[in-house]
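K.L.:
Output the structure for:
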Amino acid sequence: MINLFDDQHIIQAKAACHYALPLTFNGLTVRVLADQSAILDHLEVYYAGVTASGLLPKEVPTVDQPELPVWLLDQQVDTSSREWTEVKRAKTSALGLKEAYVDTPQGRWIHKVRTGMVLFQSLTAPVAVGELTKYSSQVINFINNQFLNHHQRDGYLLGHASAFAIDGNVTAIAASSGGGKSTLMLKALETAQARFLSNDRILFKPDNGQVSVLGVAKHPRVNPGTLINSPRLIDLLPAQERARFEHMPSSQLWGIEQKYDVLIPNAYGADKTALSGTLKHLVLLDWALDSTAPTALSSVDIATTPEALEGLRKSPGPFFQHADGSFPTEQAQSAQVYADHLAGVEVLRLTGAIDFARAIALLQERGIL
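P.N.:
So this is what the prediction gives:
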């Protein structure tokens, strides 16, 4: 069992990391070092279709860019020797405490209370400790946090949105959790030219009169309602689960929280992913399951109503670290800052009843799809 606060323990554990996997993201290379190979095998497959290292031909040299090592230690953890500070959440969960942290002069330890994973956020030496393969999604999130931190320190703003690209022009879809942004994005991918950019987070900033946008290397994680209503994706549901959900009322199905990974290359084929682009459209989902109004798409003037962007706002979270090593108080930028970053982007709002087929038709009428 590793003592997180014993530097010698950590040094010895890192020395046993004999396995390595370089992951080339847009603007940052993460060199993952592990003390067992299984987690790296999983990460190599997972990231193959959503990173530059997975998408570029092997013979093409990647651009010279910063490199960050991330250590993965498959070991049990002793968290009892310190008092941990609760990470405050806007909404309380029936499952109880999710995260707690301890700050040290070198960085911040974050304890994922429900899984037992412990993650060390540092500018130069991030570490993840715990049952790595069992909780691989938390390892992926931790690696992706290094990418998010790198670009937020460079002026990019974090947005809570899915996104797809057509010929480099990006449409982002923003909503609160469970609002349908992943489902609508996946429906858009049925258009031949559309490519997956991001499932739940985007990074964007003004750039020479346009708005540059980066996707985050994470495949969609969706609930059964998304799969059951997609001929392409329904087979991702086990037969028993499919039988359970097929005849469930949509109002009940909508509330089921049971995540399934949709690996984009497997589901949609090769060359269906984009890494970046120019943000042209932002669609705000302001519809409702119980609405009787027809589904409608209208323009939004965010210069006069920046509060309409509330669903896009996202706190950087407890892993965000400034370039000086400090950890800011968790707080999203104001709606006005988001509006300022979106100058020149067409902002639209979907209202009325939740109807994905009608939403796609409306986007097609606008020339977005």
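K.L.:
if you skip the residues just before and after it, what's nearest to residue 145?
P.N.:
Distance criterion CB to CB, 6 or more residues apart in numbering; nearest residue to residue 145, sequence neighbours excluded, is residue 319 at 4.4 Å. Bear in mind the C-beta positions are built from the backbone N, C-alpha and C, glycine included.
K.L.:
so what pLDDT did that neighbour get?
P.N.:
Here, the pLDDT recorded for residue 319 equals 95.
K.L.:
got the contact list for it?
P.N.:
By CB atoms under 8 Å, 6 or more residues apart in numbering, the contact set of residue 319 is 108, 110, 119, 121, 142, 145, 148, 149.
K.L.:
separation between the last one and residue 123?
P.N.:
Yep, that's residue 149 we're talking about. Computed as CB to CB, to the nearest Å, the residue 149 to residue 123 distance reads 8 Å.
K.L.:
Who has more neighbours out of these two?
P.N.:
Using other CB atoms under 10 Å, the more surrounded residue of residue 149 and residue 123 is residue 149, with 22 against 16.
K.L.:
my read: the more buried one touches residue 320, true?
P.N.:
Yes - proximity of residue 149 to residue 320 meets the contact threshold set by CB atoms under 8 Å, at 5.9 Å.
K.L.:
I'd like to know how far the nearest residue to residue 335 once chain neighbours are set aside sits from residue 209.
P.N.:
Distance criterion CB to CB, 6+ apart; nearest residue to residue 335, sequence neighbours excluded, is residue 306 at 4.1 Å. Separation of residue 306 from residue 209 (CB to CB): 20 Å.
K.L.:
For residue 293, the count of nearby residues, please.
P.N.:
Per other CB under 10 Å, the neighbour tally for residue 293 reads 10.
K.L.:
Quick check, it in contact with residue 355.
P.N.:
No - using CB under 8 Å, residue 293 is not in contact with residue 355; the gap is 10.5 Å.
K.L.:
Name every strand pairing with the longest strand along the chain and say which way it goes.
P.N.:
Counting residues, the longest strand in the chain under DSSP state E turns out to be strand 276-288. If you go by DSSP bridges, strand 276-288 pairs up with strand 169-174 (parallel), strand 210-215 (antiparallel), strand 346-353 (parallel).
K.L.:
of those strands, which approaches residue 70 most closely?
P.N.:
Of all the strands paired with strand 276-288, strand 210-215 sits nearest to residue 70, with 19.0 Å by CB to CB.
K.L.:
Let me know the next secondary structure element after that closest one.
P.N.:
Once strand 210-215 ends, the next helix or strand along the chain (criterion: DSSP states H and E) is strand 221-222.
K.L.:
Report the rounded mean pLDDT for that next one.
P.N.:
92.
K.L.:
Same check on stretch 183-202?
P.N.:
96.
K.L.:
List the buried residues for it?
P.N.:
Buried residues in stretch 183-202, counted by 16 or more other CB atoms under 10 Å: 183-189, 194-202.
K.L.:
likewise stretch 210-223?
P.N.:
211, 212, 213, 214, 215, 216, 217, 218, 219, 220, 222, 223.
K.L.:
which residues pair with the fourth one across the strands?
P.N.:
When bridges are called by DSSP bridges, residue 214 pairs up with residue 203, residue 276.
K.L.:
so who does it touch?
P.N.:
Applying CB under 8 Å, 6+ apart, the residues near residue 214 are 26, 27, 151, 156, 202, 203, 204, 275, 276.
K.L.:
could you measure it against residue 25, distance?
P.N.:
Residue 214 is 9 Å from residue 25, by CB to CB.
K.L.:
What of the fifth one?
P.N.:
When distances are taken as CB to CB, residue 215 and residue 25 turn out to be 10 Å apart.
K.L.:
on contacts alone, who are the packing partners of the strand or helix carrying residue 150?
P.N.:
Per DSSP H and E, residue 150 falls inside helix 136-152. Helix 136-152 sits against strand 28-34, helix 38-47, strand 67-73, strand 118-121, strand 127-129, strand 202-207, with contacts defined as 3 or more CB pairs under 8 Å, 6 or more residues apart in numbering; DSSP states H and E.
K.L.:
repeat that for 6 Å
P.N.:
Applying 3 or more CB pairs under 6 Å, 6 or more residues apart in numbering; DSSP states H and E, one finds that helix 136-152 contacts strand 28-34.
K.L.:
For the strand it packs on, give the mean pLDDT please.
P.N.:
Here strand 28-34 scores 97 as its mean pLDDT.
K.L.:
Using CSV, list the CA coordinates for it.
P.N.:
Provided in CSV are the C-alpha atoms of strand 28-34 (Å, rounded to 0.1, in the frame of the first residue of the first chain):
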residue,chain,number,x,y,z
LEU,A,28,0.4,18.7,-26.2
THR,A,29,2.0,15.2,-26.1
VAL,A,30,1.3,13.2,-22.9
ARG,A,31,3.8,10.4,-22.2
VAL,A,32,1.9,7.9,-20.1
LEU,A,33,4.1,5.7,-17.8
ALA,A,34,2.6,2.7,-16.0
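K.L.:
buried residues in it?
P.N.:
28, 29, 30, 32, 33, 34.
K.L.:
ok, now how distant is the nearest residue to residue 222 once chain neighbours are set aside from residue 335?
P.N.:
Closest residue to residue 222 apart from its sequence neighbours, by CB to CB, 6+ apart: residue 182 at 5.3 Å. Applying CB to CB, the value for residue 182 to residue 335 is 23 Å.
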